[in-house]
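Undergrad: Pasting a predicted model and its sequence here:
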Amino acid sequence: MDTVHAHDVRNVTTIGHVDHGKTTLMDALLAANNIISSKMAGKIRYLDSREDEQQRGITMESSAVSLRFTAMEKTSNGGSSPKTYVVNMIDTPGHVDFSSEVSTASRLCDGALVLVDVVEGVCTQTITVLRQAWQDRLRPILVINKFDRLITELKLAPTEAHHHLTQLIEQVNAVMGSFFAGERMEDDLRWREERERRLAEKKEALADEIEAVVNEVDEFQEKDDEDIYFAPERDPKTKRVISHKHLRGRALKPMFVQFVLENIWAVYDAVVINPNPDKVTKIITALNLKIPARDLKTKDARHLLSLIFSQWLSLSTCIIQCVIDIVPPPSVAQRTRIPKMLYPDIFEPVEPKNQLEENLYSCNAASDARIVALVSKMFAVSDEDLPEGKRKPTTVEELRANANAAREARNAASEKPVTDGDKTVDGTTLEEVLQNMEIKDVPTEEPQNGENLLGFARIYSGTIRKGTTIACVLPKYNNAYGPTHPRKRNVFAIRGLEGKVWRNATLCAPGDSGIGREIHLEDLKDSLVNLGGLQRMAAPIVRVALEPEMPVHLPKLIRGLKLLAQADPCVETFQQHTGEHVILTAGELHLERCLKDLRERFAKIEISASKPIVPFRETAVRGVDMGPPKSGSARRGAISGASANNIVQFTIRATPLPKVIWDFLQENLAILRRMQQERKSREEHKTLEAEQIAEEDDSDEVDLQGEVIRRPTVRPEDFWSVLREKCSETGGDWEDLPEKVWAFGPQRAGTCLLIDSRNGGQSNSYKRRIERLRAGADVEKEQEQLDRDFDNLLETGFQLATFQGPLCAEPVEGMAYFVESLTIDREGLEKEREHNKMAQITGSFHSAVRDACRNGLLDWSPRLMLAMYECDIQASTDVLGKVYGVVAKLRVRALLPVVESFGFSDEIRTRTSGAASPQLIFSGYEMLDQDPFWVPTTEEELEDLGEKADRANVAKAYMDTVRARKGMFVDRKIIEFAEKQRTLKR
């Protein structure tokens, strides 16, 4: 590596859909580097090092390897000379459960080999990985794989195959074009908003004039016209190659068909379709290939084809030459990628502003250059896989020395003195020997689990040496607030980060000498930079509670969960308030891998896993046949309640949110969370800027409660105005809703609303409270202490009711709760205070509010919302019937309920012998339109279903399952058919 110049290094990753041939392609490159045999290429799947990867035939973890290739390059004098390149390759999984591995790999690379199956084309995961490559500014190379399927399966002619390939390339370009178009539209929107802001500022500055005069030439000047318009095709001037305009009715074949495809088809025709040994020999002779005679006589046509094409059209030569020509070296690539990593919201070229950015842009490796290395993820390696853990081969001298030492030991043992009673031969007594003995306390070390955490990293500038002390900048570090609030330009693993780095970090230092031991963090401000956290592409939605089979092994389980959470970027582990240790994974396959790692690597104990815990949501709708309201003459959903001794009385009316308002709140949950963060920080007298409040990524993700946080559709400053427009569209009670919103729920940032509709006085407005906090005013002065206390208790009851709904204690969505009245008996309250019964009053009050909110929801027609997967099944045409047989047993339309998905993938693979592979992507929650409390009541329902309602209520079954798991009361019929049995003896 030391002899290879930095400009001759390429960092590339392989990305694509599952089973599109990424690991098989890596086998061909490894065989070209003499790491594995060329005969085993495509069969051994060398980079699938895990046992379960080999068994299932899919990649579950990213694997990296450095390869050396020699290519001929032209010299200045017109000749050619060999040049050695180092290509760092990272093979990534294609399954959606492990798509976070793609995120970690793309941050470390400059280019990507995008593999697409020639028959299956662009699949769901292909679009996902292309989006990741676009966001990280990787240089993509399209690799159309499994080309033989056009001939052997689809049986296309060369001209038809050319048309098929053209359409496939257009599909990929359409996907990339949609990314460009979306980014361009956002750029245009930002430009228009900036122009409007400049116009407003100019009008304010020139308020004396009737209208501000704006330089139209400067305002409407378009930039980068080449990105929008392109020159028309020029007329060809050569006689040998003509364009489609000059065909003049002649049925000529395209050059690609004539010179490429027809020759490939001829080889397949002679070997597979119409076997002709004489024609095969003629082709081999014409191509000057060296194939042994025994291989020409083989009956394995696939083996013969592999030999012919590996020598004629070498895959490794083609791939490596493309990588060398297209993927830029780190010193060139970082000028494009680093500005996007440092300033993700700026879409114009950014010049370096300081020495740190200059070093990053130029990939400076000098000794005085700033050290910046990105640890993309942590991964676990066993002790025996480390260099110091491997057995070194014993030399002849060491064997001879060991033999001499053994011979001397045997001779010494034969001359050992013999004891006589309590005395040895030399006359020393046993008591004297015991007195001369020393007893030392040897500290017992805690047994290690044999796993070491290494950082998967890339150095962007500077040089890291062994023993250097460097600073670890964690992902939430903000460059604007300062540090107090061995191989150059290569992908490598770094040791010694355990206990310092959780999952990813940026390693920084002012030079290759490190930061020293006594330096102050403020002195490092100019050397620190945060290259960002990772975007989670697969949402962890499947949760399982774990416990050791032997309770004494609980500390090992906790330590193993900590190691697993660090080694896997997509898994989440936490302890619930019930004491259970819960693990969240992206899917069923991901869960199986995590449990296997816990049992065999990290905890090394037997673990009992509960059934998957799937989140639900509760809501209510306006049903067709609802019973009369619970409150009699009052409006539906209105519930009156009171605290102990009727000291505090209230009326709350629950009603479903209109679809327009519900969808708007669901799309902008991220803004609600930011407002809650801001309110909490300001109430605690802390100052936070907007950038620090917006720590969360705007991309779609799922939190620990399974709530989907989507990218906001409006800006935070426009939230209330757009909400007012949505409410005006709805009309009725929702007309002036934004001014009366008291709180959002559950967890103060959800799609449930607490609305203050009390008559008289000033409403308790969430919007007004936020505005006064931003202005620095004292919110507490607006109300008396007593009113404020009971308002807070009412809000607490609302939060409890929406966090645990009445059906099965799951979060509530899409409900509005109107506080119509709240009266306090102040004289009675003073008497209770004198008797020290305030705790009883406050406790009973917020419990009454919680029960009133729950009963108000039940006054409507309650519904469960199911977590849903988008189901994408790829299969060949000969197994479609078996796929339909499995799918027909489930409630699958375009979506599959998560609660029904367990075992679905295994059954699909079992029925089709592995020919079909489902992809399950979490897409949110959908309402199950069935009342869990429905029973037949009308004559038609009783006649159709009977009194026992023989048709199962799916919603009730789901609800009872969750209630039973949580230890709640379940209304079950123990005896279903109680008819008296008749004896058959008579």
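TA: Perfect, I can see it now.
Undergrad: Show me the beta-bridge partners of T619.
TA: Bridge pairing for T619 (DSSP bridges) gives the partners R863.
Undergrad: Now do the contacts for F602.
TA: 380, 449, 451, 559-561, 563-564, 567 (Cβ atoms under 8 Å, 6 or more residues apart in numbering). (C-beta placed from N, C-alpha, C; glycine too.)
Undergrad: Could you identify the longest helix within this structure?
TA: Ranked by number of residues, the top helix in the chain under DSSP state H is helix 158-205.
Undergrad: quick one on the thing from earlier: so which of the contacts of F602 sit within strands?
TA: 380, 451 (DSSP state E).
Undergrad: Confidence-wise, which of the contacts of F602 comes last?
TA: Checked by pLDDT, the contacts of F602 have N449 as the lowest-scoring entry (57).
Undergrad: could you give me the average pLDDT of stretch 383-402?
TA: Stretch 383-402 shows a mean pLDDT of 76.
Undergrad: who touches that stretch?
TA: The contact list for stretch 383-402 (Cβ under 8 Å, 6+ apart) reads 382, 450-452.
Undergrad: Repeat that for stretch 170-184.
TA: So stretch 170-184 is contacted by 114, 116, 121-122, 126-127, 130-131, 134, 140, 142, 227, 347 (Cβ under 8 Å, 6+ apart).
Undergrad: Determine which two of these are furthest apart.
TA: Maximum pairwise distance among the contacts of stretch 170-184 (Cβ to Cβ): 30.7 Å, between G121 and F347.
Undergrad: Test my guess that V381 contacts N452.
TA: Yes. Judged on Cβ atoms under 8 Å, V381 makes contact with N452 at a distance of 5.3 Å.
Undergrad: hmm, back to that, in CSV: the contacts of stretch 383-402, plus distance to L589 and neighbour count.
TA: Formatted as CSV, the contacts of stretch 383-402 follow (distance: Cβ to Cβ, whole Å; neighbours: other Cβ atoms under 10 Å):
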residue, distance to L589, neighbour count
S382, 23, 12
G450, 26, 15
E451, 22, 20
N452, 26, 18
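Undergrad: May I see these organised as CSV, with distance to N404 added?
TA: Shown next, in CSV, are the contacts of stretch 383-402 (distance: Cβ to Cβ, whole Å):
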residue, distance to N404
S382, 35
G450, 34
E451, 39
N452, 36
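Undergrad: Looking at those, which one is closest to C508?
TA: Closest approach between those and C508, by Cβ to Cβ: N452, at 23.3 Å.
Undergrad: Rebuild the contacts of F602 as JSON lines, extending it with distance to R410.
TA: Output for those, formatted as JSON lines (distance: Cβ to Cβ, whole Å):
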{"residue": "A380", "distance to R410": "44"}
{"residue": "N449", "distance to R410": "39"}
{"residue": "E451", "distance to R410": "40"}
{"residue": "R559", "distance to R410": "45"}
{"residue": "G560", "distance to R410": "46"}
{"residue": "L561", "distance to R410": "51"}
{"residue": "L563", "distance to R410": "46"}
{"residue": "L564", "distance to R410": "49"}
{"residue": "A567", "distance to R410": "48"}
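Undergrad: which of the contacts of F602 tops the neighbour count?
TA: G560 (25 neighbours; other Cβ atoms under 10 Å).
Undergrad: Leaving out chain neighbours, which residue sits closest to it?
TA: Excluding the flanking residues, the one nearest G560 by Cβ to Cβ, 6 or more residues apart in numbering is A603, at 2.8 Å.
Undergrad: Was I right to think that neighbour contacts P555?
TA: No. A603 lies out of contact with P555 (Cβ under 8 Å); the separation is 9.7 Å.
Undergrad: Compare those two (neighbour count), which wins?
TA: Set side by side, A603 and P555 show more neighbours around A603, with 24 against 11, by other Cβ under 10 Å.
Undergrad: Pull the contacting residues for the more buried one.
TA: Counting by Cβ under 8 Å, 6+ apart, A603 touches 449, 548, 553, 556-557, 559-561.
Undergrad: From K466, how far out is it?
TA: 31 Å (Cβ to Cβ, to the nearest Å).
Undergrad: got it, and G111?
TA: G111 is 29 Å from K466, by Cβ to Cβ.
Undergrad: ditto for L507
TA: 14 Å.
Undergrad: if you count what's nearby, which of the two comes out ahead?
TA: Counting neighbours by other Cβ under 10 Å for L507 and for K466 shows that L507 has the greater number, 25 against 8.
Undergrad: The more buried one and V375 touch, don't they?
TA: Yes. L507 is within contact range of V375, at 6.4 Å (criterion: Cβ under 8 Å).
Undergrad: quick one: common contacting residues for these two?
TA: Each of 457, 472, 494 lies in contact with both L507 and V375 under the rule Cβ under 8 Å, 6+ apart.
Undergrad: K253: which of the residues you listed is nearest?
TA: Ranked by distance to K253 (Cβ to Cβ), the shared contacts of L507 and V375 are led by A457 at 50.9 Å.
Undergrad: doesn't the closest one fall inside a strand?
TA: Yes. According to DSSP: H, G, I helix; E, B strand; the rest coil, A457 belongs to a strand.
Undergrad: Tell me what it is bridged to.
TA: With DSSP bridges applied, A457 shows beta-bridge pairing to V375, F492.
Undergrad: Wait, a helix at P328?
TA: No. Secondary structure of P328 (three-state DSSP): coil, not part of a helix.
Undergrad: Contact partners for it?
TA: Remark: with contacts taken as Cβ under 8 Å, 6+ apart, P328 is in contact with 110-111, 139, 336.
Undergrad: what do you get for T619?
TA: T619 sits in contact with 656, 812-815, 857, 862-863, 865, 927, where contact means Cβ under 8 Å, 6+ apart.
Undergrad: repeat that for 6 Å
TA: By Cβ atoms under 6 Å, 6 or more residues apart in numbering, T619 lies in contact with 813-814, 863.
Undergrad: How about K966?
TA: A809.
Undergrad: In terms of pLDDT, where does it sit?
TA: K966 carries a pLDDT value of 87.
Undergrad: returning to what we had before: and the contacts of stretch 170-184, which of them are in helices?
TA: Cross-referencing those against helices under DSSP H gives 126-127, 130-131, 134.
Undergrad: Can you lay out those as JSON lines showing distance to E388 and pLDDT?
TA: JSON lines is the format used below for those (distance: Cβ to Cβ, whole Å; pLDDT from 0 to 100):
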{"residue": "T126", "distance to E388": "41", "pLDDT": "91"}
{"residue": "I127", "distance to E388": "44", "pLDDT": "89"}
{"residue": "L130", "distance to E388": "41", "pLDDT": "93"}
{"residue": "R131", "distance to E388": "41", "pLDDT": "91"}
{"residue": "W134", "distance to E388": "41", "pLDDT": "92"}
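Undergrad: between the residues you listed, which is nearest A270?
TA: For the ones in helices among the contacts of stretch 170-184, the residue nearest A270 by Cβ to Cβ is T126; the value is 33.5 Å.
Undergrad: what's the burial count for that closest one?
TA: Residues lying near T126 (other Cβ under 10 Å) number 24.
Undergrad: Show me just the buried residues among the contacts of T619.
TA: Neighbour-count burial (16 or more other Cβ atoms under 10 Å) is assigned, among the contacts of T619, to 813-814, 863.
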